[in-house]
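> Here is my input; please provide its structure:
(one chain, ligands or ions: 2)
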Amino acid sequence: MKIAVASGKGGTGKTTIATSFVFALRSTYDVVYADLDVEEPDGHIFINPHIKKEELITTLVPRIVEEKCTYCGICQKVCAFNAIFVFKNTRKISVLDELCKGCGNCMYNCPESAIYEIPRAIGVLRYGERDDIEFYEGRLNIGEIMTTTAISYVKEKIGKHIEGDTVVVFDSPPGTSCPMVESVKDADFVILVTEPTPFGLFDLKMAHGVIKKLQKPYGIIVNKYESGFKEMEEFFDRENIPVLLKIPFERSIAEGYSRGITLSLQDNSWNEKFKELFYRIKEQIQ
Ligand code: SF4
Ligand code: SF4
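Numbers count the residues shown, from 1 in each chain. Ligands and ions are numbered 1, 2, ... in the order given. Got it, this is the predicted structure:
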């Protein structure tokens, strides 16, 4: 089973929820924690894994066999990302690796078979373990824009190792653009984490819209909960949104967080709440 923990904005406590889940379930299930927030992965702070292996995350970029090329310009025409330029007069071709999405379109359409591909490193996949938790982390190189590619690379690697009843928790990137969609699109259930502020509500509405369009079963966890923010409660009622859990705005929780101790390790009652929540989610999916 795959559960994605997402949020419309950063700083809502998404990683606290995702890591609390895996700690709460580790004695009952095979669990995998996957940090797909590849631009800023921080789940390792809470999981504190023993890293066993690192490998490069790569994408393919085209290279030209100049002797075969007739400088016809077809590759430039078919590239939707303006990543390849043909200078007919000076008989030169230039590939902008940073813009190339590795789609292969130029290579398939080259009439002279003058294009081949080579791998280009865009980040690092780290794999490790902590007690009974398997840990995966995608980390994009600084300045790199191939976020979605890096996320799908990590997911593909995990997919090869999942068996039977394994619970995989995806810690998704914040926001509502392609990286978030890539990280939740094949999840069995999506948890949206929010906080009761006008900004939180604004971003939650957008994330909620995306999840509804994807037709995913979902529920909300309100973090740093304080009563009195009526607009959010009204939104939940109006849209018939299932609120799974409310985590109070408490100093002790924030202190634990600042020391890298996730919620389910701070207090056994939270451990039990996350377990209970998982069984409710499981029932809903089944
Ligand atoms: S499509 Fe092939 S032959 Fe034409 S310019 Fe590009 S690389 Fe050269
Ligand atoms: S692989 Fe795709 S994105 Fe890259 S240069 Fe070729 S057509 Fe453009």
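> near ligand 1 at all, stretch 65-75?
Yes - on the criterion C-beta under 6 Å from any ligand atom, stretch 65-75 is in touch with ligand 1 at Cys69, Thr70, Tyr71, Cys72, Gly73, Ile74, Cys75. Glycine gets a C-beta too; all of them are placed from N, C-alpha and C.
> Quick one, grab the pLDDT at the residue in the stretch 151-286 of the chain positioned nearest to ligand 2.
For the stretch 151-286 of the chain and ligand 2, the shortest gap (C-beta to the nearest ligand atom) falls at Cys178, measuring 15.0 Å. You'll see Cys178 listed with a pLDDT of 94.
> is it true that it touches Thr147?
Yes - the criterion here is C-beta atoms under 8 Å, and Cys178 meets it with Thr147 at 7.4 Å.
> Would you mind telling me which of the two has the busier surroundings?
Neighbours per residue, other C-beta atoms under 10 Å: of Cys178 and Thr147, the larger number sits with Thr147, 23 against 12.
> Give me the spatial nearest neighbour of the more buried one, chain neighbours excluded.
Computed as C-beta to C-beta, 6 or more residues apart in numbering, the closest residue to Thr147 that is not its neighbour in sequence is Pro179, at 4.5 Å.
> where do the helices sit along the chain?
Here the chain has its helices, by DSSP state H, at 14-25, 43-47, 74-78, 105-109, 147-159, 178-184, 198-213, 230-238, 251-258, 263-266, 268-285.
> of all those helices, which lies closest to Leu125?
Closest to Leu125 of the helices of the chain is helix 147-159 (C-beta to C-beta; 5.8 Å).
> So which of the helices of the chain is the most surrounded?
Highest mean neighbour count among these (mean count of other C-beta atoms under 10 Å): helix 14-25, with a mean of 26.
> Give me the helices and strands touching the worst-scoring helix or strand of the chain on mean pLDDT, please.
Of all helical and strand segments in the chain, the minimum by mean pLDDT, DSSP states H and E falls on helix 251-258, at a mean of 89. Packing contacts for helix 251-258, counted by 3 or more C-beta pairs under 8 Å, 6 or more residues apart in numbering; DSSP states H and E, involve helix 263-266.
> All set, thanks.
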